[in-house]
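1. quick one: sequence plus predicted model below, questions after.
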Amino acid sequence: MEVAAQPKAAPKKVAIGIALIAAFAVLIFAVPPALGKNIHPMILVSAFILVSIYIVLSFEFLHRSTIALAGAIMIIIAALAFGTIQAEQSFDFIVSTIDYNTIGLLLGMMIIVAILAESGVFQWVGIRASKASKGNLWKLMVIMCTFTAVTSMFIDNVTTILLMVPVTVAVFRIFRVSPMPFILAQALASNVGGTATLIGDPPNIMIGSAASIDFNAFIIHLGPTIAISFAASLFLLKFMFRKELKAQVQNLEQLMKEDENAYLKDKGILKKSLAVLFGVVALFVVHGLLHIEPSIIALGGAGVLLAVTRASPERVFREVDWPTLIFFTGLFIIVGIAEHAGMIELLSKAALGATGGNPWVAFVMIIWMSAIASAFIDNIPFTATMIPLVHTLNGSVGVAGAFGDLHISPLWWALSLGANLGGNGTLIGSSAGIVAAGISEKHGHPISFVKWLRVGFPFMVITVAIGTVILAVDVLLRLQ
């Protein structure tokens, strides 16, 4: 089997990247001792490896899956060398760092979407959307982003992206315009919409479980904030992609005469796929009551669909985005070992210590610390680290005195807002973003780390700022 070579990075970019890594190495390993800080060497090594990975990702020396695997190997060797994990326990520990629920969920939904795609439904949806927009790219972006955001409120945003990005690719293959701005916009919109509900984003599920917050409470407290933030984000996207939205679409007249129903190649597969998909979504909504993990539901649905459609497993598995799954696996190992070493907890405690016991400073600090951290560190382990710290803060005299009259502490909403919206900051900040980039690359439209950063980071900062103000006003009104 012939293996495609990865594109080589320009020597100048490599040199700049190496220089940056060397500079950060000096800062990480030399500054703390110079300031008299006694920090465990494994924490410093973890920080160095993470920073190095982000630099290599930003300069695109290697494919992100290769970077994740190489980083995982390096941090495992370092953990063994410093005794952070014992050799005889290393396999069990490393396996425990991988979030198989996320991997299984992604794999199951990728299989379901691959079979659904064989029916031609994505081309059908693409033509319907194209006709509705009548060639107006701004109108099309509003339609797609709104649908994505609303769907992400009731289906986890990774599943939403798995369903919507192929539709986007189909639309713009017809228009002969690059789909990249629209794929980016949908990924950003999915993270915004998913913040509003208990099941929209993994951090919300973790927060809801830890703080006993139900589905209705999330919508009531975060729904208005997210609605306003999303409305503002649409105009922000229009400004950011103002040049791309002026592109001239092609084949519009011909497209308006097309019969979209002719693109439904196999209505039998379509009916079976939609039935299984709706069943899977329904189980996602009630999975908390059933105590069944989403990965079991997704993989079960994939197995049922493979059986009832008699689809060729070899053909379907070729459509699975394996590089993205490998990237997730490597990233989970890296962050898991860094978390075990104490790096994330050290950073969190240092930042929270700056609040000085002021509840409103803590409120704002949690939002922005979570947002910035979640842009560069997967928001799932970061949220897991923050939950016990928020519990501790809620028990402090200052926070209890200020927010004690509220049934649910606003610090939980602060954590949810920051962790979820912060994931838009970089390519690797959220699961939805990674999956969107993987599908985009698979269809010949790679989204680089830097390209995402240029759009995602300012988008994240502005939406988090709007969300902070609206959420603070909401808390003040509830305290009256």
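-> Cool, the structure landed. Residues are numbered from 1 along each chain as shown.

2. and the worst-scoring helix or strand of the chain on mean pLDDT, what does it pack against?
-> Using mean pLDDT, DSSP states H and E, the weakest-scoring helix or strand in the chain turns out to be helix 343-352, at a mean of 72. When contacts are defined as 3 or more C-beta pairs under 8 Å, 6 or more residues apart in numbering; DSSP states H and E, helix 343-352 packs onto helix 41-59, helix 322-341, helix 359-376, helix 379-394. In this view, the C-beta of every residue, glycine as well, is placed from N, C-alpha and C.

3. which one of those helices lies closest to residue 470?
-> helix 359-376 (11.4 Å; C-beta to C-beta).

4. counting contacts, what elements does that closest one pack onto?
-> Using 3+ C-beta pairs under 8 Å, 6+ apart, the elements in contact with helix 359-376 are helix 343-352, helix 379-394, helix 397-403, helix 410-422, helix 449-479.

5. any idea which of the ones you listed gets closest to residue 251?
-> helix 449-479 (26.7 Å).

6. neighbouring contacts of the helix or strand hosting residue 270?
-> Here residue 270 sits within helix 267-290, counting by DSSP states H and E. By C-beta atoms under 8 Å, 6 or more residues apart in numbering, the list of residues contacting helix 267-290 from outside reads 108, 112, 115-116, 118-121, 154-156, 159, 198-199, 205, 264, 292-294, 297-298, 300-301, 304-305, 308-309, 311.

7. among those residues, which lie within helices?
-> Applying DSSP state H to those, the entries found in helices are 108, 112, 115-116, 121, 154, 159, 205, 294, 297-298, 300-301, 304-305, 308-309.

8. drop anything exposed from the contacts of helix 267-290.
-> 108, 112, 115-116, 118-121, 154-156, 159, 198-199, 205, 294, 297-298, 300-301, 304-305, 309, 311 (16 or more other C-beta atoms under 10 Å).

9. separation between residue 254 and residue 121?
-> 21 Å (C-beta to C-beta, to the nearest Å).

10. for residue 342, same thing?
-> Residue 342 is 48 Å from residue 121, by C-beta to C-beta.

11. so what's the residue count around the closest residue in space to residue 49 that isn't next to it in sequence?
-> For residue 49, ignoring the flanking residues on the chain, the nearest one in space by C-beta to C-beta, 6 or more residues apart in numbering is residue 75 at 5.0 Å. By the measure other C-beta atoms under 10 Å, the count of residues near residue 75 is 27.

12. again with residue 171
-> Using other C-beta under 10 Å: residue 171 sits among 25 other residues.

13. with adjacent residues omitted, what lies nearest to it?
-> residue 126 (4.2 Å).

14. the one you found and residue 143, how far apart?
-> 12 Å.

15. higher neighbour count, these two?
-> Neighbour totals were compared for residue 126 and residue 143, and residue 126 leads with 23 against 14 (other C-beta under 10 Å).

16. follow-up on the earlier one: export the helix holding residue 270 to CSV, keeping only CA atoms.
-> Output in CSV follows, covering the C-alpha atoms of helix 267-290 (Å, rounded to 0.1, in the frame of the first residue of the first chain):
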residue,chain,number,x,y,z
LYS,A,267,-34.3,5.6,0.0
GLY,A,268,-34.1,2.3,1.8
ILE,A,269,-30.8,3.2,3.4
LEU,A,270,-32.0,6.7,4.1
LYS,A,271,-35.1,5.5,6.0
LYS,A,272,-33.1,2.9,8.0
SER,A,273,-30.3,5.4,8.7
LEU,A,274,-32.7,8.2,9.8
ALA,A,275,-34.6,5.7,12.0
VAL,A,276,-31.4,4.6,13.8
LEU,A,277,-30.1,8.2,14.0
PHE,A,278,-33.3,9.5,15.6
GLY,A,279,-33.3,6.5,18.0
VAL,A,280,-29.7,7.3,18.9
VAL,A,281,-30.5,11.0,19.4
ALA,A,282,-33.5,10.2,21.6
LEU,A,283,-31.3,7.9,23.8
PHE,A,284,-28.7,10.7,24.0
VAL,A,285,-31.4,13.0,25.4
VAL,A,286,-32.4,10.5,28.1
HIS,A,287,-29.1,8.8,28.7
GLY,A,288,-28.7,10.3,32.1
LEU,A,289,-31.9,8.6,33.3
LEU,A,290,-30.9,5.3,31.7
